[in-house]
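Colleague: Build me a model from this:
(one chain, ligands or ions: 1)
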Amino acid sequence: MARLAAKSVKLRPLLERVLTDFPPVARTGADPIQFPRWFFNKKRPAAEIEAVALFSAMLAYGSAAQFIKKIQQTLDACNWQFLDLICDPVQTARFAWPAYRLSTGNEIGIFASAVGNLIRQNKSLKTVFLKGFQPDSSIKDGLVALRQSICREAEKISGPLSRGTRHLLPDPSAGGCVKRWQMFLRWLVRPEDGVDMNIWPEVSPSLLLIPLDRHISRIARNLGLTSRASDDWKTAEEISARLAELCPEDPIKYDFSLCHLGIAGECTHGKDQSLCQRCLLASVCQAAKPGKN
Ligand code: SF4
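Modeller: Numbering: from 1, shown residues only. Purely as a prediction, here's the structure:
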C-alpha cells in the first residue's frame, strides 16, 4: 500500500502534464465524441445527445477513420435530425442505414430503432439506466438494465437478435471490459470539460471504469497500474482503482489523453525508443529504456 501511495505521488503530476500537453479538446475531431458533442453544443434535447452518443459509441470499433466516416454519413443523411429519425418507426424502416463491418445496414437500423422506441417510452435512456443503477456500488447493473431493454425492443422489431445486431450491444455482465459502453458512460457522466458532457449528473464520475482497449491496457501495464494479463472487466476495475488513488472523484480524467497518445502516434509501447526519450511518462514507464535510441 505504501509502495502504491509513493508511486501515485510520482505519477499524478506526470499525468497532469500529459493532460496539459495533450488537451482533450484539441483532439475531439479525431474521436467519435465529436458527434454527441455537436448536439450538446447546439443545445439539442438531452435524449438526442444520449441517442447520438450511444450510436457513435457502439459503432466505434475498428479503424477510427472508417467508423467516423460511417457515423457522419448517417447523420448527414438524416440532416442531423437523429431523434426524429429513430423515434419514427416508418422513417427508420425506410432510411438507408449504411452497413459497417460486422453489421448490415438493416441490423444497424434495428439497433437505432430499438433505442428510439425506448426513448419514446421512457423519455430518455438515463431513466432506463437509473432503473438498474446501484449508486453505492457500481455502474454494471445500470448498463445491464439499459442493454437488456434495448435488446428487448430490438427483438420486438426483428425477432431473435442476429450476430450483427448483438455485436452492437456487448453484454456488460459477460466479463468483458465492454469498452464501448464505458466510453458512452464517460461522455455522459464526466464533468463538462469541453469534451465530456455531464448530462447524467445522477451518476458519480468516481464510479466510472476506464474504457479499456489494447493501447490503454499496454500503457497501464507499463505504468504498473495492473499486472493482469487479460483485457476484461476486472482489469478495467483494477486500473480504475489505481487511477482513483490519484483522483478519487474523477479517476477516468486521464483516459482521453492516454488514449490519444496512441492515436496520435506518440506512443508505440517502447518499440520506438526515440518517442520514449521525449515522453513525459518515461521515468515511470517500464517500456522506456534509458539511453536507448
Ligand atoms: S515512455 Fe514510451 S512506452 Fe511509455 S508511455 Fe511514453 S512513449 Fe509510451
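Colleague: which residues touch stretch 34-49?
Modeller: 28, 50, 52-53, 55-56, 68, 71-72, 75, 80, 82-83, 119, 123-126, 187-188, 195, 197, 199 (C-beta atoms under 8 Å, 6 or more residues apart in numbering). Glycine gets a C-beta too; all of them are placed from N, C-alpha and C.
Colleague: Those residues of the stretch 151-293 of the chain touching the ligand, which are they?
Modeller: Neighbours of the ligand within the stretch 151-293 of the chain, by C-beta under 6 Å from any ligand atom: 219, 222, 267, 269-270, 275-276, 279, 281-282, 285, 287-288.
Colleague: and if we set it to 8 Å?
Modeller: Residues of the stretch 151-293 of the chain lying close to the ligand by C-beta under 8 Å from any ligand atom are 219, 222-223, 261, 266-270, 272-273, 275-276, 279-282, 285-288.
Colleague: Make sure V178 is actually in contact with L143.
Modeller: Yes. With contact defined as C-beta atoms under 8 Å, V178 and L143 form a contacting pair (7.3 Å).
Colleague: shared neighbours of these two, anything?
Modeller: With C-beta under 8 Å, 6+ apart as the test, V178 and L143 both reach P172.
Colleague: May I see the PyMOL selection of the buried members of the residues of the stretch 151-293 of the chain next to the ligand?
Modeller: This is how PyMOL selects the buried members of these, with burial counted by 16 or more other C-beta atoms under 10 Å:
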select buried, resi 219+222+223+261+266+267+268+269+270+273+275+276+279+280+281+282+285+287+288
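Colleague: Of the residues of the stretch 151-293 of the chain next to the ligand, which belong to helices?
Modeller: 219, 222, 261, 273, 275-276 (DSSP state H).
Colleague: least confident pick among the residues you listed?
Modeller: Lowest pLDDT within those is found at L261 (80).
Colleague: show me what contacts that one?
Modeller: 18, 22, 215, 219, 267.
Colleague: what about 10 Å?
Modeller: 18, 21-22, 215-216, 219, 267-268, 275, 279-281 (C-beta atoms under 10 Å, 6 or more residues apart in numbering).
Colleague: So for the closest residue to the ligand within the stretch 1-150 of the chain, what's the pLDDT?
Modeller: The ligand sits closest to V18 of the stretch 1-150 of the chain, with a gap of 8.8 Å, by C-beta to the nearest ligand atom. You'll see V18 listed with a pLDDT of 88.
Colleague: Tell me which helix or strand it sits in.
Modeller: V18 belongs to helix 2-21 when elements are defined using DSSP states H and E.
Colleague: Could I get the buried residue list for that helix?
Modeller: 7-8, 11, 14-16, 18-19.
Colleague: same check, this time on stretch 177-191
Modeller: Buried residues in stretch 177-191 (16+ other C-beta under 10 Å): 177-190.
Colleague: wait, what's in contact with the residue of the stretch 1-150 of the chain closest to the ligand?
Modeller: Here V18 is in contact with 254, 257-258, 260-261, 266, 279-281 (C-beta under 10 Å, 6+ apart).
Colleague: Can you tell me how far it is from L169?
Modeller: 33 Å (C-beta to C-beta, to the nearest Å).
Colleague: E107 now?
Modeller: 10 Å.
Colleague: Repeat that for S113.
Modeller: 13 Å.
Colleague: who has more neighbours, the two?
Modeller: When S113 and L169 are compared for neighbours, S113 comes out ahead with 25 against 21, by other C-beta atoms under 10 Å.
Colleague: correct me, but that one touches R94?
Modeller: No. Using C-beta atoms under 10 Å as the test, S113 is too far from R94 to be in contact (11.2 Å).
Colleague: so what sits against both of the two?
Modeller: With C-beta under 10 Å, 6+ apart, S113 and R94 have common neighbours 85, 88.
Colleague: I139: what's its closest spatial neighbour, skipping adjacent residues?
Modeller: L207 (5.1 Å; C-beta to C-beta, 6 or more residues apart in numbering).
Colleague: Next, count neighbours for the one you found.
Modeller: Neighbours of L207 (other C-beta under 10 Å): 21.
Colleague: contacting residues for it?
Modeller: Contacts of L207 by C-beta under 10 Å, 6+ apart are 133-140, 142, 185, 189, 240, 244, 251-252.
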